[in-house]
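Here is my input, please return the structure:
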Amino acid sequence: MKNKNSWVLLLMLLSGIVLGGFIGEMTSGIAGLSWLNFGQSFGLNDPMVLNFGILVITFGLSIRITMASIIGVILAIIAYHFL
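Next up is the predicted model:
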């Protein structure tokens, strides 16, 4: 069995999420493919701001999972399996 690197898997998963999200956004206006952009968003709606006078720190996180990003993750896992 091959020695596979977990960093490669993480990079491929992130690439699948990003490319899937991009494809979902691009197909949102096409009638037959608009289901690819269907998904759920979660995270902080309003960023949390810490103001220390001199230093202002803003925290925020929002994640949107779409059908296309799920398909991208599945394809990334399949591609990693065949490496």
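
mind listing the strands for the protein?
Using DSSP state E, the strands of the chain run over residues 39-43, 48-51, 56-59, 62-66.

most tightly surrounded among these?
Each of these was scored by mean neighbour count; the highest is strand 62-66, a mean of 15, by mean count of other CB atoms under 10 Å. (Glycine included, C-beta is placed from N, CA and C.)

so what strands line up beside that strand?
Listed by DSSP bridges, the sheet partners of strand 62-66 and their directions read strand 39-43 (antiparallel).

Centre of the chain to stretch 60-71, how far?
Per CA atoms, centre = their mean, to the nearest Å, the displacement of stretch 60-71 from the mean C-alpha position of its chain is 5 Å.

and that stretch, what's its mean pLDDT?
Over the span of stretch 60-71, the pLDDT mean works out to 91.

Compute the first-to-last residue distance for it.
26 Å (CA to CA, to the nearest Å).

hmm, back to that, could you export the strands of the chain as CSV, including distance to residue 5?
Compiled in CSV, the strands of the chain are given as follows (distance: least, CB to CB, whole Å):
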stretch, distance to residue 5
strand 39-43, 29
strand 48-51, 35
strand 56-59, 31
strand 62-66, 25
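
okay, now residue 80: neighbour count?
Residue 80 has 17 neighbours, counted by other CB atoms under 10 Å.

Quick check, it in contact with residue 4.
Yes - the pair residue 80 and residue 4 qualifies as a contact (CB atoms under 8 Å) at a distance of 7.3 Å.

Now do the residue nearest to the spatial centre of the chain, the pLDDT please.
If you average the C-alpha coordinates of the chain and look for the closest C-alpha using CA atoms, centre = their mean, you land on residue 17, 3.7 Å from that point. Model confidence at residue 17, given as pLDDT, is 92.

tell me the contacts of it?
Listed by CB atoms under 8 Å, 6 or more residues apart in numbering, the contact partners of residue 17 are 69, 72-73.

all helices of the chain, in order?
Along the chain, the stretches classed as helices by DSSP state H are 6-26, 67-81.
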